[in-house]
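give the three-dimensional model of this entry:
(one chain, ligands or ions: 1)
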Amino acid sequence: MANEMGDKGIKGRLSTNRGTWTTRFGFILAAAGSAVGLGNIWKFPYITGVYGGGAFVLVYLGCVVIVGLPLMIAEFMIGRRAQENPVGAFQRLHRDGSPWQLVGWLGVASGFIILSFYSVIAGWALAYIGKSIIGFAGTAEQIQGQFIDLVGSPGKSVFWHTVFMALCIGIVIGGIQRGIERWSRILMPSLLVILLALMVYGLFYTHGGMQALNFMFKPDFSKLSAEAVLSALGHAFFTLSLGMGAMITYGSYMRREANLVRDAVTISVLDTLIALLAGVAIFSLVFHFGLEPDKGPGLIFMTLPVLFAQTGPIVSVPFFVLLTFAAITSGISLLEVVVS
Ligand code: PFF
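Model (predicted):
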């Protein structure tokens, strides 16, 4: 409502040749695709493991509601109102010469810098689809050695990074509707189906399900440190794709009549649910094999493959496909910030 009233002043200056999402559902899938990524499936489970489980999860949920959600609404509002990329949006919505423009540039710079490491990790996920199809075998040292070999080899890392970037570029070149929206409509539902299957497997076909639920949802505040709280706050920004212009950019392709508060709530709930489901799926396996959850960043690429050697490709292939799909829908949003 406020938007409709407030838009009158700038309406005449809006550029008219910008893409828009075809439907509200398409927008939600694309924005949720940006939010759901390596942050949900790689980072959230490993930091939850490192910071002791339940209490950390609770603080993280608080950060999403209190800080993340309002910021997401704000970014959508800025984008939708200005109908511009992040730099143009801050230029348009402030008086001439205002230093606020710098915030837009900072967003573009952060998006670029994040994509430069994000694409390397996403490349590892791609490489691990291949390794899963072949199957993990040998001793734990040998299986973990495969990761050390991949990370230690600039040639291999650059190769997989390039494949990942080529996929993202191929999608972004298609434009908003025929590129980003269309692929989000394919990748996001597939991701959800794979994740639900993995969670059902973890909960009902391993002996670690109950322990995983207890670990994630029974808070033990004695394990909570100031560092954990800071990490939960930082992760709320990262996982909701905030502070780097991605949601401003996606918001700029919204139609004026969209209900952005309702959409932001839907996207935040989806993102949080997917992180929690991924945590349950992963920790069920970890506890089933009697391991500790605090393995750090190597949880997915070093610890899980050792367990996958027992479960076989039927679990590992869907897992790394899931990780790759999540990374692609986020990678395209990071690229779109710079492209726009
Ligand atoms: N939200 C993504 C994730 O959780 O993996 C990462 C991300 C994407 C951060 C897009 C920032 C962004 F602009």
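
need the residues of the stretch 1-150 of the chain near the ligand, please.
Ser34, Ala35, Gly37, Leu38, Gly39, Asn40, Gly111, Ile114 (CB under 6 Å from any ligand atom). C-beta here means a position set from N, CA and C on the backbone, and glycine is covered the same way.

min pLDDT across the residues you listed, which one?
Across these, no position has a lower pLDDT than Gly111, which has 92.

tell me which other helices or strands the strand or helix carrying it touches.
When elements are defined using DSSP states H and E, Gly111 is found to belong to helix 101-134. In this structure, helix 101-134 packs against helix 38, helix 86-93, helix 140-152, helix 154-173, helix 246-252, helix 303-311, helix 313-339, with contacts taken as 3 or more CB pairs under 8 Å, 6 or more residues apart in numbering; DSSP states H and E.

make it 6 Å
In terms of contacts (3 or more CB pairs under 6 Å, 6 or more residues apart in numbering; DSSP states H and E), helix 101-134 is packed against helix 86-93, helix 154-173, helix 313-339.

most packed of those?
Here the criterion is mean neighbour count by mean count of other CB atoms under 10 Å, and of the helices and strands packed on helix 101-134 the winner is helix 313-339, at a mean of 23.

ok, of the residues of the stretch 1-150 of the chain next to the ligand, which one's closest to Ile133?
Leu38 (20.7 Å; CB to CB).

distance check, Gly243 against the ligand.
Per CB to the nearest ligand atom, to the nearest Å, Gly243 is found 8 Å from the ligand.

could you do Phe76 as well?
13 Å.

excluding chain neighbours, what is closest to that residue?
By the measure of CB to CB, 6 or more residues apart in numbering, the closest residue to Phe76 outside its immediate chain neighbours is Gly251, 3.8 Å from it.

identify the residues contacting Gly243.
Residues touching Gly243, when contacts are defined by CB atoms under 6 Å, 6 or more residues apart in numbering, comprise Phe237.

wait, the residue nearest to Phe76 sits on Ala82?
No - Gly251 sits out of contact with Ala82 when judged by CB atoms under 6 Å, with a separation of 8.8 Å.

for these two, indicate the residue with more neighbours.
Between Gly251 and Ala82, Gly251 has the larger neighbour count (other CB atoms under 10 Å), namely 27 against 23.

in contact with Gln91, which residues?
For Gln91, the contacting residues are Gln101, taking CB under 6 Å, 6+ apart as the criterion.

where does it land on pLDDT?
The per-residue pLDDT reported for Gln91 equals 88.

now Arg13
At Arg13, the pLDDT recorded in the model is 42.

and what of Phe221?
Residue-level confidence at Phe221 comes out at 94, pLDDT.

that one contacts Ala55, doesn't it?
Yes - taking contact to mean CB under 6 Å, the distance of 4.8 Å between Phe221 and Ala55 places them in contact.

more crowded one of the two?
Ala55 (20 against 11).

circling back to that earlier point, out of the helices and strands packed on helix 101-134, the one nearest Gln146 is which?
Nearest to Gln146, of all these, is helix 154-173, at 10.6 Å by CB to CB.

for the helix or strand that the closest one is followed by, give the mean pLDDT please.
Scanning forward in sequence from helix 154-173 by DSSP H and E, the next helix or strand is helix 175. Averaging pLDDT along helix 175 yields 94.

where does the stretch 51-200 of the chain dip in pLDDT?
Within the stretch 51-200 of the chain, no range satisfies pLDDT under 70.

what about the nearest residue in space to Met77 that is not next to it in sequence, how many neighbours?
Leaving out its chain neighbours, the residue that sits closest to Met77 by CB to CB, 6+ apart is Leu260, at 6.4 Å. When neighbours are counted by other CB under 10 Å, Leu260 registers 20.

hmm, Leu260 is touching Glu75, no?
No - shown here, Leu260 and Glu75 do not form a contact pair, counting by CB under 6 Å, at 9.5 Å.

make CSV from the helices and strands packed on helix 101-134 and add distance to Gly179 to it.
CSV is the format used below for the helices and strands packed on helix 101-134 (distance: least, CB to CB, whole Å):
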stretch, distance to Gly179
helix 86-93, 19
helix 154-173, 5
helix 313-339, 8
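
how about these, which one is nearest Met188?
When the helices and strands packed on helix 101-134 are compared (using CB to CB), the closest one is helix 313-339, at 6.4 Å.

just to revisit the earlier point, what are the buried residues along the helix holding Gly111?
Along helix 101-134, the positions that meet the burial threshold by neighbour count (16 or more other CB atoms under 10 Å) are 101, 103-104, 106-108, 110-111, 114-115, 118-129, 131-132.

restricting to C-alpha, output the helix or strand where Gly79 lies in CSV.
Using DSSP H and E, Gly79 maps to helix 69-82. As requested, the backbone C-alpha atoms of helix 69-82 are provided in CSV (Å, rounded to 0.1, in the frame of the first residue of the first chain):
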residue,chain,number,x,y,z
LEU,A,69,13.5,-11.2,7.5
PRO,A,70,13.2,-7.4,7.9
LEU,A,71,16.3,-6.9,5.8
MET,A,72,15.0,-9.1,3.1
ILE,A,73,11.8,-7.1,3.0
ALA,A,74,13.9,-3.9,2.9
GLU,A,75,16.0,-5.2,0.0
PHE,A,76,12.9,-6.2,-2.0
MET,A,77,11.4,-2.8,-1.4
ILE,A,78,14.5,-1.0,-2.6
GLY,A,79,14.7,-3.1,-5.7
ARG,A,80,11.0,-3.1,-6.6
ARG,A,81,10.7,0.6,-6.0
ALA,A,82,13.8,1.7,-8.0
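
no more questions from me, cheers.
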